[in-house]
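Student: test case, fold it:
(2 chains)
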Amino acid sequence: MKAVTWRGVNEVGVEDVPEPKILNDHDIILEVGLSVTCGSDLHLLGGYIPAMRAGDVLGHEFMGTVAEVGRNVTKHKVGDRVVVVSFTSCGQCWYCKQELWSLCDNGNPNPGITEALWGQGIGGCYGYSHALGGYAGSHARYMRVPYADQGAFPIPDGVSDERALFASDAAPTGWTGAHQAEVKPGDVVAVWGAGGVGQMAARKAMLMGAERVVVIDRFDNRLAQVRTHIGAETLDYEEVDVPAELREMSGGRGPDVCIEAVGMEAHGNGPQYLYDQVKQQLRLQSDRPTALREAIYACRKGGTVFALGVFGGLVDKFPMGAVMNKALTLRGAQQHGHRYIPEILDLMARDEVRTEHLATHVMSLDDGPRGYRMFKNKEDGCVRAVFRPGA
Amino acid sequence: MTTSIGNVASVAARAGGSVVRQVRSAIDPSAARPAGAGQPASGWLSVTVFREPSDVDTAALPAPLAEFGDRIEVRVRPAPGGKGTELAVRLRDRPSGTAASRLTGSDPQADLRSALRRAKQLIEVGEVLAVDPAPHGRRTATPGGALLEAWTKVAPKAGVR
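Tutor: Numbers count the residues shown, from 1 in each chain, chains lettered A, B, ... in the order given. Coordinates of the predicted model:
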């Protein structure tokens, strides 16, 4: 079957690969309907997460139709239309039972790599390097989904494929950020990054009763999407001093909750951004925490900063003084999507969460390299490039 | 895989682990021992299984641990805070020159760690999660790819050494 693969740093290919097979009794094989590029894929493409092998199939945000079921699968049957969460989680370990699904003890067959890097291993993720399990990704006609009773969710009638697709990762990741940061009614919430995840974090913060939600980015079309489709306010960091504006917008206090939805390849202005770029390219730090530093600086005393963008390793010039002296709560997480997807699908069915606008460019798998190039370079206003394997 | 290739892969994986260890050491000397690979002086390896102690029968251990027979000691105790049951195992005869034995690809302690992980999965989930064969395209022969492949081969066992 055809698949979009990682061929090397900044090199995407389209190759014929074998079709997946059921390996465990709790597996399903999914015929992929739609599969979308994610900002976190760019860290793989750029070589910032050096655990990809040439030929690895990319993609971890997807929906489709059940084509085959393992004998211990009870919730799904052939022909069901489902969306699948990006993380593989067993549903039985202590972490899953606490609804901290991305921390699953059993979902990553290669836990030694992340144990060595981070002290403990976390769950696995499709198409996201051998550090997170070595699973084949979803940019292909067929896809193996282990723990299917836990990770695949029926899509309600009336919710389009294009909308349900983002219940796989962007929406539940945004939900994870706002919910785990414990946004409260009346809060001022700032979100760095107006991509799919940032937009969804803003939407969830609004649904949780935030008084003001402000999203920060530099791309006009993304900021326009935030205003039009999410209903939040926006700041263009190339035009204004973000911490100063946020202070003014929050009565001099600073935002109660700051959600960083950018990650390890943040852009920014000024000498500090240049410094981060040089250090990252020289591999003296693995991640550029430009937006995270600003979030810590901007956050009100006693507030919460949530790292929702993907970080892989080490950051430099981390403002620990601000974290300690301002009594901040600093948290982070990959998505605990299993917890949030049923709610998200229900809100999608009621038209309270809309995501179709994120899919700015829909194309076939043959256009994989072009899709990633457009997505990375934000060409033609690309917010997300979506692949339709059946096309 | 032949033995000689296996040994090369094993050495390569150790080299990868060494890089990780050096990076960690540069950051913080106390972190130079990878958490997943460091071996406690007592030799006990432990996992927490989210089951009642009565569900973890030391007389009928899951196959991966049962295969060790009398070569291991087994200890079970309740985990505090309602986290389930701590299942610990230890080799009765532990190799002393670990660095040398690892370089030859033989690491009984890592094999035991792998067995313990699989036992936990069997108790909690009922089966051991598989990932191979995963569909993939053409593998390009590069030093980095070989290193990563070797690293991945030891990764199910424990932290990278």
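
Student: any idea which helix or strand carries whatever residue of chain A ends up closest to chain B?
Tutor: Nearest to chain B, among the residues of chain A, is residue A:115, at 2.7 Å (Cβ to the nearest Cβ). Quick note: C-beta positions are derived from backbone N, CA and C, even for glycine. Using DSSP states H and E, residue A:115 falls within helix A:111-118.

Student: report the buried residues of that helix.
Tutor: By neighbour count with 16 or more other Cβ atoms under 10 Å in any protein chain shown, helix A:111-118 contains the buried residues A:111, A:112, A:113, A:114, A:115, A:116, A:117.

Student: and the pLDDT for residue A:266?
Tutor: At residue A:266, the pLDDT value in this model is 78.

Student: returning to that earlier point: just confirm the residue of chain A closest to chain B contacts residue A:121, I think it does.
Tutor: Yes - Residue A:115 is within contact range of residue A:121, at 4.7 Å (criterion: Cβ atoms under 8 Å).

Student: coming back round to it: will you turn the buried residues of helix A:111-118 into TSV that also has pLDDT?
Tutor: Listed next are the buried residues of helix A:111-118 as TSV, based on pLDDT from 0 to 100:
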residue	pLDDT
A:111	91
A:112	88
A:113	89
A:114	91
A:115	90
A:116	88
A:117	89
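
Student: between those residues, which is nearest residue A:152?
Tutor: Among the buried residues of helix A:111-118, residue A:111 lies closest to residue A:152 (Cβ to Cβ), at 23.1 Å.

Student: ok, that closest one touching residue B:131?
Tutor: No - contact between residue A:111 and residue B:131 fails when scored by Cβ under 8 Å: they sit 11.7 Å apart.

Student: what about the helices in chain A?
Tutor: Using DSSP state H, the helices of chain A run over A:39-45, A:94-97, A:111-118, A:148-151, A:161-164, A:170-180, A:196-207, A:220-225, A:242-249, A:270-281, A:290-298, A:320-325, A:337-349, A:368-377.

Student: now distance to residue A:391 too, for those helices, in CSV please.
Tutor: Shown next, in CSV, are those (distance: least, Cβ to Cβ, whole Å):
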stretch, distance to residue A:391
helix A:39-45, 20
helix A:94-97, 36
helix A:111-118, 35
helix A:148-151, 25
helix A:161-164, 12
helix A:170-180, 21
helix A:196-207, 21
helix A:220-225, 25
helix A:242-249, 40
helix A:270-281, 37
helix A:290-298, 35
helix A:320-325, 48
helix A:337-349, 23
helix A:368-377, 12
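
Student: weakest of these by average pLDDT?
Tutor: Of all those, the minimum mean pLDDT falls on helix A:270-281 (a mean of 78).

Student: flag every buried residue along that helix.
Tutor: Buried residues in helix A:270-281 (16+ other Cβ under 10 Å): A:276, A:279, A:280.

Student: next one: stretch A:320-335
Tutor: By 16+ other Cβ under 10 Å, the buried positions in stretch A:320-335 come out as A:322, A:326, A:328, A:330, A:332, A:333, A:334, A:335.

Student: would JSON lines of the residues you listed with distance to chain B be doable?
Tutor: Converted to JSON lines, the buried residues of stretch A:320-335 look like this (distance: Cβ to the nearest Cβ, whole Å):
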{"residue": "A:322", "distance to chain B": "21"}
{"residue": "A:326", "distance to chain B": "24"}
{"residue": "A:328", "distance to chain B": "22"}
{"residue": "A:330", "distance to chain B": "18"}
{"residue": "A:332", "distance to chain B": "18"}
{"residue": "A:333", "distance to chain B": "19"}
{"residue": "A:334", "distance to chain B": "18"}
{"residue": "A:335", "distance to chain B": "19"}
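
Student: can you add distance to residue B:145 and give those residues back as JSON lines?
Tutor: Formatted as JSON lines, the buried residues of stretch A:320-335 follow (distance: Cβ to Cβ, whole Å):
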{"residue": "A:322", "distance to residue B:145": "41"}
{"residue": "A:326", "distance to residue B:145": "45"}
{"residue": "A:328", "distance to residue B:145": "41"}
{"residue": "A:330", "distance to residue B:145": "36"}
{"residue": "A:332", "distance to residue B:145": "30"}
{"residue": "A:333", "distance to residue B:145": "31"}
{"residue": "A:334", "distance to residue B:145": "26"}
{"residue": "A:335", "distance to residue B:145": "29"}
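
Student: among those, which ones are in strands?
Tutor: A:330, A:332 (DSSP state E).

Student: closest to residue A:180 out of the buried residues of stretch A:320-335?
Tutor: Lowest distance from residue A:180 to the buried residues of stretch A:320-335 (Cβ to Cβ) belongs to residue A:333, with 5.6 Å.

Student: check which element follows the worst-scoring helix or strand of chain B on mean pLDDT along the chain.
Tutor: Every helix and strand of chain B was ranked by mean pLDDT, DSSP states H and E. The lowest is helix B:3-27, at a mean of 45. Using DSSP H and E, the helix or strand that follows helix B:3-27 in sequence is strand B:45-49.

Student: after that following strand, which helix or strand is next?
Tutor: Going down the chain from strand B:45-49, the next helix or strand is helix B:63-66, by DSSP H and E.

Student: done for today, thanks.
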